[in-house]
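A.B. asks: fold the following.
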Amino acid sequence: MDNLGHIKVVRNFDDRILKKGMAVAFGSFDGVHTGHQKVLNRAHEIAKKEALIPAVFVFWPHPRFILKPTLPFIISGFRDQIESFKKSGIEVGIINRFNEVIRDMDYNSFIKEYILKNINMKYAIVGYDYTFGKNAQGDIEKLKILGKLYGFKVAVVPPVMVDGEIVSSSKIRRYLMSGNMEKAGRMLGRHYSVTSRVKKGNRRGSKIGIPTINLYPKIGLPADGVYCGNASIKDKVYKAAINIGTNPTFGDSRHIEAHLINFSGDLESKVVKLELIRYIRGEIRFNNTNELITRIKKDIKECR
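C.D. replies: Next comes the predicted model:
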C-alpha cells in the first residue's frame, strides 16, 4: 500500500483496510473530468453521511489497452489521476491490473466473486452510463438488482453538461486532438496537464540560448504544435512555451519539450507537471537554426 499525500493507494486485495465499510466509486475515470468529479464527490458525501470510507476502484493500465488498443490516447496518467481523486476527498484508491481473466468475467461474477469477496462495499456510486462485466453486459439496472441481492446500496449520478454537451472522455479527447484546449479545459474542470519525469535531452536548446526540458510520458498526447502553459515543480509555477511533436527540423521521436520562462537550473530526473492552456501554432520545419530561434523567441514572447 502506498500513501500518496492523503490518499492510500491499495494494489493488493489482502490489505486490511478493505475489510472496513466502504462507499466505492466505479468508472474508467479517464481524465477525471467534471462528470467523474461529480461521481467522486457523491462517494465522499455518502461516505461521510453513512460513516464509511470514501474509495474509488479503477483498473490501471486503462482497460482500453486490452479491449480497444487502436483507439486514441488516454487523457490522464497515473499521477494526475491519483491527484484528482485526492482533491475530491477520496481516501482509498483501489488500483487493480486489468487482464483477460477480468475481461471475460460475467457481470454477476465481477460483483460477487471479484468485488464483494475482496472489498467490504456498502455503497456503489456510479455514473449514469456505467457498464461492467464481459462485453459490458452489466448496466445500472443490473447493478441495482445485484445490490438488493447481495446487500449493498447503489447511487447513480446524472450527466454533467458543459456548453450544451454531455461531458465525456471521448469528447475531451477530440477537443485535445484538435488543439481546442479551452473547450477541453471546461469539460475537465481544469487545464489539461501532463506529469512526468524529465529525461536527459540532447541540450540543443541550451546551445542556442533557449534551454528546454524533455518529457516522454507513457500516455498519448494531444495535437502536435506549440502551446502556452504552466510548469509546476513542487510548489513553484513558471509560465512555459511547450512543444509537442517530433521537432521536424531535427527529426526527433514524439515527445514534449518545454522552455520554462524566467527559470534557471537543472531539472533532469525531476517530476514536472505541464499545464497546456492555449494552442498557438502547429509544428514547422525550419530551413535553418536561425529561423528556428527567431520563431521560438516569438512563441516565448506570446506565452509570457
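A.B. asks: can you give me the strands for the stretch 201-304 of the chain?
C.D. replies: Here the stretch 201-304 of the chain has its strands, by DSSP state E, counting those that start in this stretch, at 213-215, 225-233, 236-245, 255-260, 271-281.
A.B. asks: now the stretch 1-150 of the chain
C.D. replies: Applying DSSP E, counting those that start in this stretch to the stretch 1-150 of the chain gives strands spanning 2-4, 7-10, 22-26, 53-59, 92-96, 121-127.
A.B. asks: parallel or antiparallel, which strands does the second one pair with?
C.D. replies: According to DSSP bridges, strand 7-10 has the following sheet partners: strand 2-4 (antiparallel), strand 92-96 (parallel).
A.B. asks: out of the strands of the stretch 1-150 of the chain, nearest to residue 221?
C.D. replies: Smallest distance to residue 221 across the strands of the stretch 1-150 of the chain (C-beta to C-beta): 21.4 Å, for strand 53-59. Heads up, the C-betas are built off the backbone N, CA and C, glycines and all.
A.B. asks: partner strands of that closest one, parallel or antiparallel?
C.D. replies: strand 22-26 (parallel), strand 92-96 (parallel).
A.B. asks: single out the most deeply packed of the ones you listed.
C.D. replies: Ranked by mean neighbour count, the strands paired with strand 53-59 are led by strand 22-26 with a mean of 27 (mean count of other C-beta atoms under 10 Å).
A.B. asks: how far out from the middle of the chain is that one?
C.D. replies: Centroid displacement of strand 22-26 relative to its chain, using C-alpha atoms, centre = their mean, to the nearest Å, is 19 Å.
A.B. asks: with stretch 167-186 instead?
C.D. replies: The chain centroid and the centroid of stretch 167-186 are separated by 13 Å under C-alpha atoms, centre = their mean.
A.B. asks: and what of stretch 179-188?
C.D. replies: Stretch 179-188 has its C-alpha centroid displaced from the chain centroid by 14 Å (C-alpha atoms, centre = their mean).
A.B. asks: okay, buried residues for it please.
C.D. replies: Counting neighbours by 16 or more other C-beta atoms under 10 Å, one finds that the buried residues in stretch 179-188 are 179-181, 183-188.
A.B. asks: export those residues to TSV and append columns for secondary structure, pLDDT and distance to residue 158.
C.D. replies: Output for those, formatted as TSV (DSSP: H, G, I helix; E, B strand; the rest coil; pLDDT from 0 to 100; distance: C-beta to C-beta, whole Å):
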residue	secondary structure	pLDDT	distance to residue 158
179	coil	95	30
180	coil	97	25
181	helix	98	27
183	helix	98	21
184	helix	98	22
185	helix	98	22
186	helix	98	18
187	helix	99	16
188	helix	98	19
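A.B. asks: residue 118: which of these is nearest?
C.D. replies: The shortest distance between residue 118 and any of those, using C-beta to C-beta, involves residue 188 and amounts to 31.2 Å.
A.B. asks: reformat the strands of the stretch 201-304 of the chain as CSV; add mean neighbour count.
C.D. replies: Below are the strands of the stretch 201-304 of the chain laid out as CSV (neighbours: other C-beta atoms under 10 Å):
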stretch, mean neighbour count
strand 213-215, 23
strand 225-233, 21
strand 236-245, 20
strand 255-260, 22
strand 271-281, 19
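A.B. asks: next, format these as CSV and append distance to residue 205.
C.D. replies: Converted to CSV, those look like this (distance: least, C-beta to C-beta, whole Å):
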stretch, distance to residue 205
strand 213-215, 9
strand 225-233, 14
strand 236-245, 10
strand 255-260, 7
strand 271-281, 15
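A.B. asks: show me the contacts for the residue positioned nearest the centre of the chain.
C.D. replies: The chain has residue 76 as the residue nearest its centroid, 2.0 Å off, counting by C-alpha atoms, centre = their mean. When contacts are counted by C-beta atoms under 8 Å, 6 or more residues apart in numbering, residue 76 touches 29-32, 84, 219.
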